[in-house]
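1. can't give you the sequence, but here's the structure:
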């Protein structure tokens, strides 16, 4: 049938978009005779600013920041060193306890090693601690942290010394080296510790070492959360910015990239640098450099400190802005309920639209470069709130009573452009799981996807409504084109790179297109849509897996784990993340709200609102649009590690603008109703 052919064509086009990808190319660093990793828990860019010795290194280094988030809730030094050992995020410390001393080495073995092995199994990290020590390459270790990083799978350590030995480092016995410079003390003695770090760097360079100076973890369990320092000396082709394919961000690497770099360059040919079949794939990628040269140490340090603000401020300010908007909504709605006056109606409608505008302001705020303003946190608060209000006002001015459409369309177009450009607006926004959280470093996160899904489905519903009276086939094609563009941008590696997102959005778009075309759906057709969605996503994931390991996105990495039989722990961890929302009453409240909203889309006659029931039946495309929104939210809730939070975010965007439309559209019987959207447009 014509429609089936169109579906196949759109799915094929989306697959081609998803597969033609690549990250920004940057030449890998040409390593010298030795790779010397100097790990310093707690080394921040404020330490570099306060230390003349470390400041002097900036113009002699490729520089960046390193995300040290590991598997546990805290990244104590032991967590960081175990992560270096495994090449994937490991869990070393005990939750709700201070960071303890690193274990001693007794009779050539790390004390209590089995405890750390058991901890990985207990928390389902899949971290193969001991991987780095099993390579067979002669890597020297100095200090207790290096013993953990270089221990074999049974905890035994060789070629290791408790203290740094410059002569040993310079000897032929050391192919590479890992040095534990010790955690920086929180207060007293920190300046002396910084001088010791600079001295170690100088001595490593004197031994003809390619030095990688990185923060390894926090010095304290409750230490301030921020990306730490990363420097590579000497710089290739002048000092530039460190990066890796695991972050795809200039000036940012993650802890597991350190292991990947050592294994990539130094592992014997018999060992697969992507990880053996028993160890599983690495989480990181080789560190390299990119971007323009930097020659002003002071400017580089300030840039890093500004970047820290960009990553630290969004999450706390998210709650501040949300509470402000919700408080204004509650007051405006109470006024409207009590007075029912024109002024109270306009105020209630506008505050609801401001919440819709928030989903635009979250991303556009990045354009203002707020993190370089005075008081970055307060600046972000004002910028997002201001853009939210402005977006609501512009939508009302241009779209009148149909301002909801303007906000949905704006969110849809902004995120399409942002995805194609590599998500610069999402990075550091309130909806980004950045390096402090240790979440997604590139592509669309769950909150961003939820915003895109609402924008795409509402926009598709409006476009289909314009065509449905003329041709249901044309209306269905409009849904496929608009929804397919969102699927392609959201899922394409290097753009949205969102595996879970396309799993949820694909069946929603196909269902909406079918309902647009046929008006109803049978069980057989519903199953067919589900199978088509699964096959499309599976094909994209498998083709991404066929690319080289360092170029794979989340799609290909998942397939690699699946083929290695290494997905059980992944599923368990994601399930744990999804159910953690129900540890308190807020998660259950979200679930109740989400379920009620979903029921309202399929059982409109049970909703105690005549205005809503009238609205539901007023246009052919309202029902398919609302059902598609519920489908996307339901699939996302069941198959995504965000759990109930994903449809809750969708409700947070869709419900206020819908209620605003219903309030604005409702008029007393004595007042003539305004022409409908179809008549106005």
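-> Everything's here; your move. All values derive from a computational prediction rather than experimental measurement.
2. wait, what's in contact with residue 388?
-> Applying CB atoms under 8 Å, 6 or more residues apart in numbering, we find residue 388 in contact with 321, 325, 354-355, 357-358, 360-361. Where you see a C-beta, it was placed from the backbone N, CA and C, and this is true even at glycine.
3. let's see 6 Å
-> Contact partners of residue 388, counting by CB atoms under 6 Å, 6 or more residues apart in numbering, are 354, 357-358, 361.
4. My guess is residue 320 contacts residue 381. True?
-> Yes: between residue 320 and residue 381 a contact is recorded at 5.5 Å, counting by CB atoms under 6 Å.
5. what sits up against stretch 467-476?
-> Residues contacting stretch 467-476 (CB under 6 Å, 6+ apart): 464, 478, 513, 516-517, 620.
6. Restricted to strands, list these.
-> Among those, none falls in strands (DSSP state E).
7. quick check, nearest of those to residue 124?
-> residue 513 (38.6 Å; CB to CB).
8. Next one: that closest one from residue 583, what distance?
-> 38 Å (CB to CB, to the nearest Å).
9. Mind jotting down where the helices sit in the stretch 101-250 of the chain?
-> 113-122, 144-150, 166-170, 190-206 (DSSP state H, counting those that start in this stretch).
10. can you give me how far the first one is from the chain middle?
-> How far helix 113-122 lies from its chain's middle: 28 Å, per CA atoms, centre = their mean, to the nearest Å.
11. please begin residue numbering at 87 from this point
-> Will do, 87 is the new start, and the previous item becomes helix 199-208.
12. buried residues in that helix?
-> For helix 199-208, burial by neighbour count (16 or more other CB atoms under 10 Å) applies to 199, 202-203, 205-206.
13. export these to a markdown table and tack on distance to residue 146?
-> Conversion of these to a markdown table gives the following (distance: CB to CB, whole Å):
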| residue | distance to residue 146 |
| --- | --- |
| 199 | 38 |
| 202 | 36 |
| 203 | 40 |
| 205 | 39 |
| 206 | 38 |
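14. Can you list the buried residues in stretch 486-495?
-> Counting neighbours by 16+ other CB under 10 Å, stretch 486-495 gives 487-495 as buried.
15. quick one, what contacts the residue nearest the centre of the chain?
-> The chain has residue 526 as the residue nearest its centroid, 2.4 Å off, counting by CA atoms, centre = their mean. Going by CB under 6 Å, 6+ apart, residue 526 touches residue 519.
16. ok, now how distant is it from residue 263?
-> In terms of CB to CB, residue 526 sits 33 Å off from residue 263.
17. Quick check: can you list the domain ranges of the protein?
-> 120-309+333-396, 399-753 (automatic domain parsing).
18. roughly how far is the shortest one from the heart of the chain?
-> I take that to be domain 120-309+333-396. 23 Å.
19. measure that domain end to end?
-> One end of domain 120-309+333-396 sits 35 Å from the other (CA to CA, to the nearest Å).
20. follow-up on the earlier one: give me the more crowded residue out of residue 406 and residue 467.
-> residue 467 (20 against 14; other CB atoms under 10 Å).
21. Verify the assumption that the more buried one is located in a strand.
-> No: looking at residue 467 with DSSP: H, G, I helix; E, B strand; the rest coil, it is helix, so not inside a strand.
22. quick one: the nearest residue to residue 147 once chain neighbours are set aside from residue 560, how far?
-> Closest residue to residue 147 apart from its sequence neighbours, by CB to CB, 6 or more residues apart in numbering: residue 317 at 4.0 Å. Going from residue 317 to residue 560 by CB to CB gives 58 Å.
23. Of these two, which one has the most company?
-> Neighbour comparison, residue 317 and residue 560: the larger count goes to residue 317, with 24 against 15 (by other CB under 10 Å).
24. and the more buried one, what are its bridge partners?
-> residue 149, residue 299 (DSSP bridges).
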